[in-house]
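Q: Give me coordinates for this.
(chains A and B)
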2 protein chains.
Amino acid sequence: MQRAVLALGGNAISPHASAGTAAEQTATIGLTMKAVAELVVEGWHVVLTHGNGPQVGNVLVKNELAKDVVPPVPLDWCVAQTQATIGFTAATALEWELAQRGHDAAVVPVVSRVLVSRDDPAWDHPTKPIGRGVDEAEARRRMAAGDQRWVDDGDRGWRRVVPSPRPLRSLDRTAIDLLLDDGAVVIANGGGGIPMVDAEDGPPRGVEAVVDKDLAAALLAQEIGAEVLAILTDVEGVAIDFGQPDQRWLGRVGVAELRRHAEAGQFRAGSMGPKVEAVCGFVERTGHRAAVGALDDAIGAVHGDVGTQVVAEESP
Amino acid sequence: MQRAVLALGGNAISPHASAGTAAEQTATIGLTMKAVAELVVEGWHVVLTHGNGPQVGNVLVKNELAKDVVPPVPLDWCVAQTQATIGFTAATALEWELAQRGHDAAVVPVVSRVLVSRDDPAWDHPTKPIGRGVDEAEARRRMAAGDQRWVDDGDRGWRRVVPSPRPLRSLDRTAIDLLLDDGAVVIANGGGGIPMVDAEDGPPRGVEAVVDKDLAAALLAQEIGAEVLAILTDVEGVAIDFGQPDQRWLGRVGVAELRRHAEAGQFRAGSMGPKVEAVCGFVERTGHRAAVGALDDAIGAVHGDVGTQVVAEESP
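A: Numbering: from 1, shown residues only, chains lettered A, B, ... in the order given. Prediction:
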């Protein structure tokens, strides 16, 4: 049966931008898993990846506030921590939704790592905002105290920015592949995966970076031979002239056409930009279909019925 | 080939009782993985479980210090967080040690849950100390503020105690079994597993408890049909009259004899007591061998050459 990779946006996990309590996240994740269960029951072999922005932000706040008592853990550890909490919560909810439907597939959260290059140009240009905003004085204090970079992120205040290197290889791909073959649903590469670089003489080591979760999902979809990559978010698809009076949602679109829109500057960095980059890359490298659609209609997006459906051939 | 479950004590992960930095833990875990790699290369199908006391203590401190800014996460989430950081660090080190030996098995950290009973008597008698010690005034303040229980833990100050219910079932056992069949090394049930109870009408839910890691290891060893359960710690085995002038280390011992020593009050609760309980239970239920030995000679303990080797038949 066919494999599908579903990349879940923040709205799949958190009721609001600041993550909320564990109970609130558990409830939101529970709702999200209903559609995933339907897809599994249909016969799709599903891998879930997910964002973790608010969650990793909370972990960073705790690190900072406790730093005189407990050694702060590095960013790769923070990503791992969010994979675990989101992962077991989603697995528990999805197994229950499957059981309600008479289906007993194991759902397996794999703590998973993604290799990035030590030579990625992103190291010299940290662009990915993480964590909560602070005021300018606090940001300047943090910059003076260490090697962090903070930027003015407008309404959200000053935020720390970290490099976002491209994912090269999913280091847990073998395990994910084996589990899918065994009929399990797998949760992997959450928060873009734990970023690692090869070392000269020793095991790979974690790095202070955040991999884009949609690029990590696209990579994994390619690696495991997925038929469909579905990026599920809080809008109904990819729009041209987004937010303008003549805004137009794209339905079925050839990857070359979508690339032209991207090159024309249609999609914002840090928002729709990486999603378009992820789906284009996947379709170009595999010839398979990728979707950007609303979480509320995840099933339709995977089926190819709704959202923006990106295909290898040009639209007629 | 034969399956072995290795339960790694705190000294396998942390250089000292307060956990240390991420770099220090990574270095300690790296050393521990050398012996594990040797066992895998010999052909053992290995599951690793591990303690997490200092790590979960640090997470709890962060929760507390940040609680006015970020909602604290419950104890089951804290356990999950430590499984992730210890798990991926161990997987990375072990894969590298295996590669050095020409072996390419996948090492898979599974975020893993353990079912406990809502009717366990432990709920009425919280006994497991967790986290850092505080002074009496602070402990009394915390007790007054909520439903936490704190006790005087002697030299370590006042510490929070939580229930430690018995593990009934490893909820991720299917995945662990599949991965072992596929030739992977699995890291599971770390920190005793994420404690969950069945709910009346909905998915299992996490609970504020800590399952003993050795009991969770023994349960998993039974569930997956392990030939050997090895509990690896900072002493060379089980001793009679421990710390007394006539202290005597036990070598090969029948489970009935070991039970008699336990019933005679030889082993301290919270220390050797649960280890003895874990190995006795495993040997009684399966007829297979269990060892308690020093981490420094993990290979010998698994082989049956050193440490306390607990077997079904009586010693001659």
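Q: so A:Asp46 makes contact with A:Ala4?
A: Quick fix: residue A:46 reads Val, not Asp. Yes: at 5.5 Å, A:Val46 and A:Ala4 qualify as touching, with contact defined as Cβ atoms under 8 Å. Every residue, glycine included, has its C-beta placed from N, CA and C.
Q: what's the overlap in contacts for the two?
A: By Cβ atoms under 8 Å, 6 or more residues apart in numbering or on different chains, A:Val46 and A:Ala4 have these common neighbours: A:Leu39.
Q: Point out the residues in the stretch 51-200 of chain A that sit beside chain B.
A: Counting by Cβ under 8 Å from any Cβ of the partner chain, the residues of the stretch 51-200 of chain A lying close to chain B are A:58, A:61-63, A:65-66, A:69-71, A:73-74, A:77, A:80-81, A:83-85, A:87-88, A:91-93, A:95-96, A:106, A:108-113, A:172, A:174-175, A:178-179, A:182, A:184, A:194, A:196.
Q: Now, those residues that are in helices?
A: Among these, the members falling in helices (DSSP state H) are A:58, A:61-63, A:65, A:77, A:80-81, A:83-85, A:87-88, A:91-93, A:95-96, A:174-175, A:178-179.
Q: Buried ones among the residues of the stretch 51-200 of chain A next to chain B?
A: Neighbour counting with 16 or more other Cβ atoms under 10 Å in any protein chain shown marks A:58, A:61-63, A:65-66, A:70-71, A:73-74, A:77, A:80-81, A:83-85, A:87-88, A:91-93, A:95-96, A:106, A:108-113, A:172, A:174-175, A:178-179, A:182, A:184, A:194, A:196 as buried within those.
Q: Tell me the pLDDT of the residue nearest in space to the middle of chain A.
A: Geometric centre of chain A, nearest residue: A:Lys213, 2.6 Å, by Cα atoms, centre = their mean. Confidence at A:Lys213, expressed as pLDDT, is 97.
Q: Would you list the phi and psi of it?
A: For A:Lys213, the backbone dihedrals (degrees, to the nearest 10) come out as phi -70, psi -30.
Q: Report the separation between it and A:Thr28.
A: Taking Cβ to Cβ, to the nearest Å as the measure, A:Lys213 falls 17 Å from A:Thr28.
Q: Show me the helices in chain A, by range?
A: Using DSSP H, helices in chain A cover A:22-42, A:53-65, A:75-100, A:136-145, A:173-181, A:213-223, A:255-263, A:272-286, A:298-303.
Q: Report the angle between the fifth one and helix B:173-181.
A: Calculated by axes from the mean of the first three to the mean of the last three Cα atoms, to 10 degrees, helix A:173-181 forms an angle of 120 degrees with helix B:173-181.
Q: Show me chain A divided up by domain.
A: According to automatic domain parsing, chain A comprises the domains A:1-116+A:171-226, A:231-316.
Q: Including distance to B:Ala188, could the ones you listed go into CSV?
A: Converted to CSV, those look like this (distance: least, Cβ to Cβ, whole Å):
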stretch, distance to B:Ala188
domain A:1-116+A:171-226, 10
domain A:231-316, 29
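Q: Could you identify which of the ones you listed is most buried?
A: For the domains of chain A, the largest average neighbour count (mean count of other Cβ atoms under 10 Å in any protein chain shown) is found in domain A:1-116+A:171-226, namely a mean of 22.
Q: so what's A:Thr127 up against?
A: Counting by Cβ under 8 Å, 6+ apart, A:Thr127 touches A:161, A:163-164, A:269-270.
Q: Distance-wise, check the spatially closest residue to A:Gly133 that is not a sequence neighbour relative to chain B.
A: Among residues not flanking A:Gly133 along the chain, A:Gly157 sits closest, at 2.6 Å (Cβ to Cβ, 6 or more residues apart in numbering or on different chains). Distance of A:Gly157 to chain B, given as Cβ to the nearest Cβ, to the nearest Å: 14 Å.
Q: Can you verify my assumption that A:Gly157 contacts A:Val134?
A: Yes: counting by Cβ under 8 Å, A:Val134 is a contact partner of A:Gly157 at 5.7 Å.
Q: And those two? Which one has more around it.
A: Between A:Gly157 and A:Val134, A:Val134 has the larger neighbour count (other Cβ atoms under 10 Å in any protein chain shown), namely 19 against 15.
Q: partners of that one in the sheet?
A: A:Trp158 (DSSP bridges).
Q: unless I'm mixing things up, it is touching A:Trp158, no?
A: Yes: using Cβ under 8 Å, A:Val134 is in contact with A:Trp158, at 5.4 Å.
Q: Overlap in contacts, those two.
A: Any residue near both A:Val134 and A:Trp158 by Cβ under 8 Å, 6+ apart counts here, and that gives A:Trp150.
Q: Among the domains of chain A, which comes closest to B:Met33?
A: Nearest of the domains of chain A to B:Met33, taken as Cβ to Cβ: domain A:1-116+A:171-226 at 9.0 Å.
Q: before we move on, the earlier item: ok, now how distant is the residue nearest to A:Gly133 from A:Asn52?
A: In terms of Cβ to Cβ, A:Gly157 sits 20 Å off from A:Asn52.
Q: could you list every residue that touches the closest residue to A:Val79 other than its chain neighbours?
A: Residue nearest to A:Val79 in three dimensions, not counting chain neighbours: A:Gly191, with 4.6 Å by Cβ to Cβ, 6+ apart. If a contact means Cβ under 8 Å, 6+ apart, then A:Gly191 has A:50-52, A:55-56, A:79, A:82-83, A:210-211, A:213 as its contacts.
Q: again, only using 7 Å
A: A:51-52, A:56, A:79, A:82-83, A:213 (Cβ atoms under 7 Å, 6 or more residues apart in numbering or on different chains).
Q: circling back to that earlier point, the residue nearest to the centre of chain A and A:Thr49 touch, don't they?
A: Yes: using Cβ atoms under 7 Å, A:Lys213 makes contact with A:Thr49 at a distance of 6.1 Å.
Q: Now do the shared contacts for the two.
A: A:Ala7.
Q: helices and strands around the helix-or-strand element of chain A with minimal mean pLDDT, which ones?
A: In chain A, the helix or strand scored least confidently by mean pLDDT, DSSP states H and E is strand A:128-134, which has a mean of 89. In terms of contacts (3 or more Cβ pairs under 7 Å, 6 or more residues apart in numbering or on different chains; DSSP states H and E), strand A:128-134 is packed against helix A:53-65, strand A:158-162.
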